[in-house]
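Chemist: need a structure here:
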Amino acid sequence: MKGILLLFLAMWCLQTTMAQYILRENFDYPQGQLAGNNGWRQIDSSDAQPIQVAAGGLHLDGYAFSDSDEKAIRFNPSIQSAEALYHKFSSPITAGAFYLSFLVKVDRATSLNNDRPEDFMSISSSTRYTTRARLSAVESTPDTYKFRLTWGADKREYRETDDLTYGTTYLVVLKYNRKEGRDNDEISLYTFDDLVPQKEPASAAIAPFGYTGDIDPGSVNLSQLNARTTKAAQDITIDGMIAGNSWSAIVGSGVDVITFHVGETADKKRGNVGFLHSINMTAPIDSFVTLIKPKLWRVGRYNDAFLLYHRLKNLGVERQLLVLSDLRTEQPYRDIYHKYGYGAMTDSIIHHTQALGLDYEFDIFNEPNRQKDFELSRFMTEIWNPAYRAIKKALPHAVIHGPAISISSVNDPIADSLLMFQFIDTAIAHHTLPDYINWHIQIGYNIADWHMDYTEKIKKHIESKGQSILGTVVGETVRPGSERNTSPAKLVDVFAAAEVGNIPQIHAAWSSSRVYGVSTSIPPVLCGILTDSTGTGRRGAWWTYRFFADTDGRRIACEESPTGSEAFVGIAFKDEDKKVVRALVGLRDTKVKQKGEIVFRHLNTVPYIAQEGKVHLKMWYNDQTEHNVEAFGSESLPLIADEWIDITDNKITIPVTIDEWDAVLIELSQPDSI
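Modeler: The predicted structure is shown next:
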């Protein structure tokens, strides 16, 4: 088990790096008190002079997170005791460098005569009991001030910047380096007023220093506590705050590039995507399903699975996964379960499906680790093993999925995921290893990279035990945020995970999660890509599915990483039969707006789309939308490019600007080949 722990901890560190952002805040709220907005909580307050969201956002050329809403926060207290707030990071930093960047404009600082100035910003440990990297602004001359960075509570342990100018907007980057060992962490500070560097500079405005008492950074604190000896209040404006674990993540590039190597191809498109519930016998209409070609469907308590079986077959769904635990609340299975146990209940369900002539794959239990008083050994003894054996006794060749563990990146992801490896070892010992290992990401970012790495480590662990499985399946994958499954960019991420990671992926959502007031799981809204509670309209996300469904051929390699660049997630295919190249490119999670370039190289390998040194480009902008989108080219899903563009050095470069949650859909062809 120690080996599993070390393996998984290493994997989780990698995933923390992939996540990039652990806080992103542009203060886009109604003007007034900041507290209560999006996780900002009070530390202490005298109920006077609360930190305010105010008009007047900050801008700095080259900083990707410059103001887009003309709002910021302003510290301008007029009394000695005022409000302090904190915001937790999505995950604490336990190893490596941590960066916090923000734009700041100081119009008034702590008096020159104050030798113990109060900080306006600091970093707290994951427990919030210890504060480090306390930042204050101290007057230097009538026209200038300095930033003072203090290690901890002892305000003698500090360093200062050179003089800065009142009224000037600066980008400030605060760095906390979490080093191996004890009492050797370091903090440092960078300041810029123009030409934001895309790589971390070799020297800082405040060079790295530190003292005793390391922490795992877990939250940022904001304070407008007015120092006792200050005669005039501070006046500080802050905007565009990002926390992450790399310089590129928080500073970002003004232009990001995703490059497809058209001459390098991988597997043929599989299209292994599908849904959870989200359909009934009468809705949505057939074409809303058939045109997006789902291959898998996970069914259970939210619709009559047995009655629905033939409709799904007629709609072209190849595989149906029956969630057995959903039926334990339904009669007659409820009584059987309570009287005779889970194995007997499973046996009854199996015989019922056989009598009806229904061919299911079986998902034994939904999210067992979210059940009250869950304990693995009891789950295996009372639930998993009896159900597994009942299925195999009645249907020796039946396909079984499990354990459907729920993993949340904001709760206890390490414990959740270690449980997977404990389950695998226990199942092998009892000869009850499922055919497909499955799990749910209930809250997670950048899911393609997460799922791909996780599935690879699961397969290697099983192989190390001399066993094998058919593959992995992701039963649910949900990103944080109110838009959830209506995000075209998230869907591109889903498709990339399924294709690049060889994962038969089911795209699903919590039944309790509501988008625009409508559940994203209960029938018939197709996990939120259809509008209203009746599923009568198609959001922009439906058209992402449609474009992907209509795309065939072999997958084209992406040069920056298997799934895209730092800002963009993408997937592309070339189809020699249809004589087209198609790509879907979306903005990665935690990115808010990105200028970039989409590059297709080695176009000499696809001569069927070139003509006289040009290629025909069609590109649609794929919005995250609340309302119905009728078709490509409409006002809500506009055709933003329809033109011949020059091929230079066997490549084309397509400039784009993509907003948060959105994507673009691209087709390269010759006119007579469409």
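Chemist: only C-alpha atoms for contact and neighbour calcs from this point on.
Modeler: Will do.
Chemist: now the host helix or strand of I350, how far from the chain's geometric center?
Modeler: I350 belongs to helix 342-356 when assigned by DSSP states H and E. Distance, stretch centre to chain centre, for helix 342-356: 38 Å (Cα atoms, centre = their mean, to the nearest Å).
Chemist: Just the buried positions in that helix, please.
Modeler: Y342, G343, A344, M345, T346, D347, S348, I349, I350 (16 or more other Cα atoms under 10 Å).
Chemist: Tell me which other helices or strands that helix touches.
Modeler: In terms of contacts (3 or more Cα pairs under 8 Å, 6 or more residues apart in numbering; DSSP states H and E), helix 342-356 is packed against helix 333-340, helix 385-394.
Chemist: Residues in contact with the longest one: which ones?
Modeler: Which is helix 385-394. Defining contact as Cα atoms under 8 Å, 6 or more residues apart in numbering, one finds that helix 385-394 is touched by Y342, G343, A344, T346, D347, I350, H351, I364, A398, I400, H430, T432.
Chemist: Show me how far stretch 301-318 is from its chain's centre.
Modeler: The answer for stretch 301-318 is 30 Å, by Cα atoms, centre = their mean.
Chemist: what distance separates the start and the end of that stretch?
Modeler: Start-to-end span of stretch 301-318 (Cα to Cα, to the nearest Å) is 20 Å.
Chemist: What segments of the stretch 151-300 of the chain are helices?
Modeler: 247-251, 286-290 (DSSP state H, counting those that start in this stretch).
Chemist: Same check on the chain?
Modeler: Residue ranges of the helices in the chain, as given by DSSP state H, are 2-19, 247-251, 286-290, 305-314, 333-340, 342-356, 376-379, 385-394, 413-429, 447-464, 488-500, 540-549.
Chemist: if you compare the ones you listed, which one is most tucked away?
Modeler: helix 488-500 (a mean of 27; mean count of other Cα atoms under 10 Å).
Chemist: ok so, going back, will you turn the helices of the stretch 151-300 of the chain into CSV that also has distance to F423 and mean pLDDT?
Modeler: Formatted as CSV, the helices of the stretch 151-300 of the chain follow (distance: least, Cα to Cα, whole Å; pLDDT from 0 to 100):
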stretch, distance to F423, mean pLDDT
helix 247-251, 35, 79
helix 286-290, 35, 97
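Chemist: quick one: which of those helices is nearest G218?
Modeler: Closest to G218 of these, according to Cα to Cα: helix 247-251, at 16.5 Å.
Chemist: Need the contact partners of the closest one.
Modeler: Taking Cα under 8 Å, 6+ apart as the rule, helix 247-251 contacts 20-21, 63-65, 99-101, 196, 198-200, 242-244.
Chemist: and with 7 Å instead?
Modeler: Contact with helix 247-251 is made by Q20, Y21, Y63, A64, Y99, S101, Q198, K199, E200, I242, A243, G244, as judged by Cα atoms under 7 Å, 6 or more residues apart in numbering.
Chemist: swap in stretch 95-108?
Modeler: Contacts for stretch 95-108 (Cα under 7 Å, 6+ apart): 58, 166-179, 234-247, 250.
Chemist: hmm, back to that, take the buried residues of helix 342-356 and write them to CSV, including distance to N26 and pLDDT.
Modeler: Formatted as CSV, these follow (distance: Cα to Cα, whole Å; pLDDT from 0 to 100):
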residue, distance to N26, pLDDT
Y342, 50, 98
G343, 53, 98
A344, 55, 98
M345, 52, 98
T346, 51, 98
D347, 55, 98
S348, 55, 97
I349, 52, 97
I350, 53, 97
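Chemist: Adding distance to Q320, write the helices of the stretch 151-300 of the chain out as TSV.
Modeler: Below are the helices of the stretch 151-300 of the chain laid out as TSV (distance: least, Cα to Cα, whole Å):
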stretch	distance to Q320
helix 247-251	40
helix 286-290	15
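Chemist: Let me know which of these is the nearest to H616.
Modeler: Here helix 286-290 is closest among the helices of the stretch 151-300 of the chain (Cα to Cα), at 28.7 Å.
Chemist: Tell me which other helices or strands that closest one touches.
Modeler: Contacting helix 286-290 under the criterion 3 or more Cα pairs under 7 Å, 6 or more residues apart in numbering; DSSP states H and E is no other helix or strand.
Chemist: could you dump it to CSV, C-alpha only?
Modeler: Extracted C-alpha coordinates of helix 286-290, given in CSV (Å, rounded to 0.1, in the frame of the first residue of the first chain):
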residue,chain,number,x,y,z
ASP,A,286,-35.2,11.5,-32.3
SER,A,287,-33.1,13.8,-34.5
PHE,A,288,-31.7,15.6,-31.4
VAL,A,289,-30.1,12.3,-30.5
THR,A,290,-29.4,10.6,-33.8
